[in-house]
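Requesting a structural model of the entry that follows:
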Amino acid sequence: LREAAGKLIDDVADQSADSNIALEEFNTNAQILQRFIPAGSGRYSLLTAVDRLNAGGRTQIDAALSLAKSTVERQLSAYHNQKICVIVMSDGLPTCDVDKAYNQDNVANSGFSIPYAVLGFTGKAFGKVSFNLSMNAAASGGALLQQAWFDVQLKQQFAIRVGKFKTPFSHAYLTTLGETLLPSLPVSLTAPVILPHSLNAVTPNIGTGFDLGVEIHGLVADKFGYEIGLFNGTGASVNTATKTLSDDWHIPSLLYAGRFTYMPKGVMPATQGNPNRLHEDKIMFGVSASMNVESENESTNDFRAGLEFAMLKNKLYLSAEMYYMNIGFTNRQKISDSYNYLGGYVQGGYFVAPRLQAALRYDFFNRNGTDTNGFLNMPAVGVNYFFKNCNLKLQAMYQYIGRTGHDTQLDRDNDDLGIAVHSASILLQYTF
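As a prediction, the model looks like this:
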């Protein structure tokens, strides 16, 4: 195979200097492009890649051809004046005798896990100083320290919080752990976006989660809430000061964030369903924005904005969010383009029995950017059961990742990289 592929490259290059040759390699899973050397890379790059080819057999030819075609189509805009020819070269090993365990290999992350094992101390001193120290024994590295903060409330309208806590963005994140409607946060908040550049250090997601910083917050007229903070912008896994000054903007390279809420019926509880609170009547509207300066290892400046709605009405809980992120590269990256992403969800829960809550969620994510067609459809269904008199909660959830509107099969395949098409989970949690 290597000899034949190398000879073909030499022959074509010798006969026509205007020819552009691309190389695509597939292995057992023909839905994944194992190696791609784009057209115009040069004879040396192609021959080097050929020397690394290994015969494995059991490649599904039809799937490989489909992906090869879509990959070539992506380069049509650059080579539209040239004739395109696709040559299939087999490794000579059987292709139809597919491993009977192939589908079993597509099942991943099955088994048991402990996502959270939180031990903490919370309290209030002197009537105005609240504090929280929480360790997540199931985490590692800097994420072991889940929360560590104190909050000084000078009056209802003004308080200062310092330490490691949740950044003021997204109702889904700000809900108390253990009080969420479903075991998993929306994928549109947690999955990294897709960039058309091979930068391993640049994998941002829309959600910001826990971080270290300082925040002022308060409640005005019992209905208007505000949170304005300054954070490291490095996330939950970093507990040290590692940021610098922005080379482009000449300001501290930190996360600047703010959130404003309107709660006409009083403060919205940080819960998405609790059998002990089935007579609430609360509603909340919120808007938030943040700028993470020189994030992603000083590679990008990330702007985020979000809209929130949440409601508790007796047995019914409803919420909806929409969020936007713009990624602009720093000058040192020499990339002038910026990229925009949209995501959001609608979810609801209803207590069909005093301790049984049914849950639904529709999540969508323009993961590949607004300039590329196609997005992810992610419906989910779940059920929660609250055991009586023992602080035990059982959650079950199923989610499907659908893909729609993509121009090519390669775009479709890339859009859900790293995300299971079907996922089911059961979470049993105990609080004390």
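
Beyond the lengthiest strand in the chain, next helix or strand please.
Determined from DSSP state E, the single longest strand within the chain is strand 338-353. Remark: after strand 338-353, the chain's next helix or strand is strand 356-365, criterion DSSP states H and E.

Tell me the strands beside that following strand, with direction?
strand 338-353 (antiparallel), strand 375-386 (antiparallel) (DSSP bridges).

Buried ones in the next helix or strand after the shortest one, by neighbour count?
Yep, that's strand 375-386 we're talking about. Using DSSP H and E, the helix or strand that follows strand 375-386 in sequence is strand 392-400. Buried residues in strand 392-400, counted by 16 or more other C-beta atoms under 10 Å: 393, 395, 396, 397, 399. Quick note: C-beta positions are derived from backbone N, CA and C, even for glycine.

From residue 401, how far out is the second one?
Translated: residue 395. Applying C-beta to C-beta, to the nearest Å, the value for residue 395 to residue 401 is 19 Å.

Which strand residues bridge residue 320?
residue 309, residue 346.

actually residue 351, not the one I typed
Under the criterion used (DSSP bridges), residue 351 bridges to residue 357.

burial of it, as a residue count?
Residues within reach of residue 351, counting by other C-beta atoms under 10 Å, total 19.

I'd say it and residue 274 touch.
No - with contact defined as C-beta atoms under 8 Å, residue 351 does not reach residue 274; the gap is 9.5 Å.

Quick one: mean pLDDT over stretch 47-56.
Averaged across stretch 47-56, pLDDT comes to 69.

Listing partners with orientation, what would you give for the one helix or strand residue 146 maps to?
For residue 146, the host element (DSSP H and E) is strand 145-155. Paired with strand 145-155 in the same sheet, following DSSP bridges, are strand 129-136 (antiparallel), strand 158-166 (antiparallel).

I'd like the average pLDDT over it.
95.

Any buried residues in that strand, and which?
Within strand 145-155, judged by 16+ other C-beta under 10 Å, the buried ones are 145, 146, 147, 148, 149, 151, 153.

Over to stretch 156-167?
Here stretch 156-167 shows 159, 161, 163, 164, 165, 166, 167 as buried, counting by 16+ other C-beta under 10 Å.

and the fifth one, what does it touch?
The contact partners of residue 165, taken as C-beta atoms under 8 Å, 6 or more residues apart in numbering, are 132, 147, 149, 210, 211, 213, 215.

Is the second one bridged to anything, and to what?
Going back to what we said before, that points to residue 147. Here residue 147, judged by DSSP bridges, has bridge partners residue 134.

Does it touch residue 130 like I think?
No - taking contacts as C-beta under 8 Å, residue 147 lies outside contact range of residue 130: 11.7 Å.

In this structure, which residue is most central in space?
Nearest to the mean C-alpha position of the chain, by C-alpha atoms, centre = their mean, lies residue 191 at 1.5 Å.

separation between that residue and residue 282?
30 Å.

what residue ranges in this structure are flagged as low confidence?
Scanning the chain for pLDDT under 70 picks out 1-2, 13-20, 25-44, 46, 52-84, 86, 89-109, 198-201.

Now do the helices in it.
2-15, 43-51, 61-73, 102-105, 171-174, 187-190, 295-298, 409-415 (DSSP state H).

Identify each buried residue in the first one, please.
By that I understand helix 2-15. Buried residues in helix 2-15 (16+ other C-beta under 10 Å): 5, 6, 9, 12.

which one of the residues you listed sits closest to residue 85?
Residue 85 lies nearest to residue 12 out of those, by C-beta to C-beta, at 9.5 Å.

Spatially nearest residue to residue 238, not counting backbone neighbours?
residue 142 (5.2 Å; C-beta to C-beta, 6 or more residues apart in numbering).

correct me, but the one you found touches residue 212?
No - contact criterion C-beta under 8 Å: residue 142 and residue 212 do not qualify, at 9.6 Å.

So for those two, which residue has more residues nearby?
Between residue 142 and residue 212, residue 212 has the larger neighbour count (other C-beta under 10 Å), namely 24 against 15.

residues touching that one, list them.
Counted by C-beta under 8 Å, 6+ apart, residue 212 has contacts 163, 164, 231, 232, 234, 238, 239.

Show me what the nearest residue to the third one once chain neighbours are set aside is bridged to.
It refers to residue 231. Of all residues not flanking residue 231 in the chain, residue 213 sits nearest, at 3.2 Å (C-beta to C-beta, 6+ apart). As for beta bridges, residue 213 partners with residue 163, residue 231 under DSSP bridges.

State the distance from residue 213 to residue 47.
52 Å.

what about the two, which has more around it?
residue 213 (20 against 17).

From what I see, the more buried one and residue 228 are in contact.
No - if you go by C-beta under 8 Å, residue 213 and residue 228 don't touch, sitting 10.7 Å apart.

which residues touch residue 283?
263, 264, 265, 268, 310, 311, 312.

residues near the residue lying closest to residue 162 once chain neighbours are set aside, how many?
Of all residues not flanking residue 162 in the chain, residue 214 sits nearest, at 4.9 Å (C-beta to C-beta, 6+ apart). Residues within reach of residue 214, counting by other C-beta under 10 Å, total 14.

from what I can see residue 214 touches residue 167, true?
No - using C-beta under 8 Å, residue 214 is not in contact with residue 167; the gap is 11.6 Å.

what do these two both touch?
Common neighbours of residue 214 and residue 167 (C-beta under 8 Å, 6+ apart) are residue 229.

distance of residue 280 from residue 317?
Applying C-beta to C-beta to residue 280 and residue 317 gives a distance of 9 Å.

between these two, which one's more packed in?
Between residue 280 and residue 317, counted using other C-beta under 10 Å, residue 317 has the larger neighbour count: 24 against 18.
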